[in-house]
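Novice: structure for the following, please:
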Amino acid sequence: MHVLITANAAWNLVNFRKALIRALLEDGHQVSILAPVDEALAELRDMGCTIVPLTMDRKGLSPLRDMGLMLRFLRHFRILRPDVVLSYTIKNNVFGALAARIAGVPFLPNVTGLGTAFLSGRALQKLVQVLYRIAFVRVPRVFFQNEDDRDLFVSLGLVRAGQTSLLPGSGIDLTHFTPQPMPVGGDVTFLLIARVLRDKGVVEYAQAAAKLRQSHPHAQFLLLGPMGAANRSAIDAATVQGWQESGALTYLGASEDVRTEIAQAHCVVLPSYREGLPRSLLEAGAMARPAVATDVPGCRHVVVEGETGLLCQVRDGESLRAALQKILEMPAEERIAMGQRARVRMEEVYDQAHVIAAYRQILMDLDAR
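Specialist: Residues are numbered from 1 along each chain as shown. Predicted coordinates:
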């Protein structure tokens, strides 16, 4: 089969879908990548994928521009003539689905999270709901990464229950992310891995860190992830610099391989406002690290309260501070035990083999029609 994969950034596919893409290529499928140009496209090309650049405004909300995006999808689908399209990220899901209906191409969107659109206010949320409802009405399958998102879409009439399937996020490669011994001695170190966005809870993390540094001056609070994202909740570099200068946290920049930073941390943190199924928490669990995350869809599916980590209230810096303080003050043996239980949970639920098997099955079903 000719499988076309589209997302709003090639780095998204490299970081989260590489194992699936490799499996599709090994199965003998022709794989084309339709995504905006960035440095990650070279790696996908080296894997054996055909690269097709996609022009799109990932951040804007202009109806005219988005209609132009749909027309570009339609043109690409008609020229490339794929047997099926796998899609990720909101604009690719919505406008790709509309174009695929016109082109008569089976389209399989993956709702990896509700994103800023569902968090930005009633008017925008209503508009996005209408677009989802129209776009998804005829797609054969919509993948979700947690029950909350799936149930919300069904309750709002955006999809039919029979259209949906649940996946354990993008899965985790348990041979790549392996258990690592907890750092011995030294200061307790927390690590937040995320794009530097308000929606990821970075502001609350900085607030909690500033307070805890007053009572626990040797604790370390690290922030790892890219700045400058094309997202309406992006935090500017001056703000991050101010946090560093005040001593609240240390910004590490971006990383192509987060295993080193996770291995040096005692606990991974994600105070996100909402997630599909957060990759950083899967990586932390696979490496036997406990986590502190918000009690929101996505995060609470990965972190089991009191067993593999702690949950705090969303948009609440004080609740986050209290959870981090518990991690700080618990015996080292308890942190180690939490991390070990997190690894077992990754093995039982989140192995990427489950995701690959689900896609293989639906491609077989489509091919048999």
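
Novice: tell me where the stretch 201-350 of the chain has strands.
Specialist: 220-224, 250-251, 267-270, 291-294, 309-312 (DSSP state E, counting those that start in this stretch).

Novice: would a markdown table of the ones you listed with mean pLDDT be doable?
Specialist: Converted to a markdown table, these look like this (pLDDT from 0 to 100):
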| stretch | mean pLDDT |
| --- | --- |
| strand 220-224 | 98 |
| strand 250-251 | 98 |
| strand 267-270 | 98 |
| strand 291-294 | 98 |
| strand 309-312 | 98 |
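
Novice: the ones you listed into TSV, with extra columns for mean neighbour count and distance to Ala206?
Specialist: All C-beta atoms are positioned from the backbone trio N, CA, C, and that covers glycine. Compiled in TSV, those are given as follows (neighbours: other Cβ atoms under 10 Å; distance: least, Cβ to Cβ, whole Å):
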stretch	mean neighbour count	distance to Ala206
strand 220-224	22	8
strand 250-251	15	10
strand 267-270	28	11
strand 291-294	28	15
strand 309-312	24	15
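
Novice: those: which one's closest to Ser155?
Specialist: strand 291-294 (21.8 Å; Cβ to Cβ).

Novice: sorry, back to before: turn the strands of the stretch 201-350 of the chain into a markdown table, including distance to Glu26.
Specialist: Below are these laid out as a markdown table (distance: least, Cβ to Cβ, whole Å):
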| stretch | distance to Glu26 |
| --- | --- |
| strand 220-224 | 31 |
| strand 250-251 | 39 |
| strand 267-270 | 31 |
| strand 291-294 | 32 |
| strand 309-312 | 35 |
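
Novice: of these, which is nearest Val302?
Specialist: strand 291-294 (7.2 Å).

Novice: which elements pack onto the closest one?
Specialist: strand 267-270, helix 279-286, helix 299-302, strand 309-312, helix 317-329 (3 or more Cβ pairs under 8 Å, 6 or more residues apart in numbering; DSSP states H and E).

Novice: can you tell me which of those is packed in deepest?
Specialist: Burial of the helices and strands packed on strand 291-294 is given as mean neighbour count (mean count of other Cβ atoms under 10 Å); strand 267-270 ranks first at a mean of 28.

Novice: paired strands for that one, with orientation please.
Specialist: Here strand 267-270 is paired, per DSSP bridges, with strand 189-193 (parallel), strand 291-294 (parallel).

Novice: in a markdown table, list the ones you listed along with distance to Arg22.
Specialist: Formatted as a markdown table, the strands paired with strand 267-270 follow (distance: least, Cβ to Cβ, whole Å):
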| stretch | distance to Arg22 |
| --- | --- |
| strand 189-193 | 23 |
| strand 291-294 | 27 |
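
Novice: can I get the helices and strands packed on strand 291-294 in JSON lines with distance to Leu4?
Specialist: Shown next, in JSON lines, are these (distance: least, Cβ to Cβ, whole Å):
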{"stretch": "strand 267-270", "distance to Leu4": "31"}
{"stretch": "helix 279-286", "distance to Leu4": "23"}
{"stretch": "helix 299-302", "distance to Leu4": "29"}
{"stretch": "strand 309-312", "distance to Leu4": "38"}
{"stretch": "helix 317-329", "distance to Leu4": "41"}
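
Novice: spatially central, which residue of the chain would that be?
Specialist: For the chain, Pro278 is the residue whose C-alpha lies nearest the centre (Cα atoms, centre = their mean; 4.8 Å).

Novice: phi, psi of that residue?
Specialist: phi -70, psi 130 (degrees, to the nearest 10).

Novice: which residues of the stretch 1-150 of the chain fall in helices?
Specialist: Using DSSP state H, counting those that start in this stretch, the helices assigned to the stretch 1-150 of the chain run over residues 10-16, 18-26, 41-47, 63-80, 90-103, 122-135, 147-155.

Novice: which stretch among these comes nearest Asp367?
Specialist: helix 18-26 (12.5 Å).

Novice: pull out the buried residues from that closest one.
Specialist: Within helix 18-26, the residues scored as buried using 16 or more other Cβ atoms under 10 Å are 18-21, 23-24.
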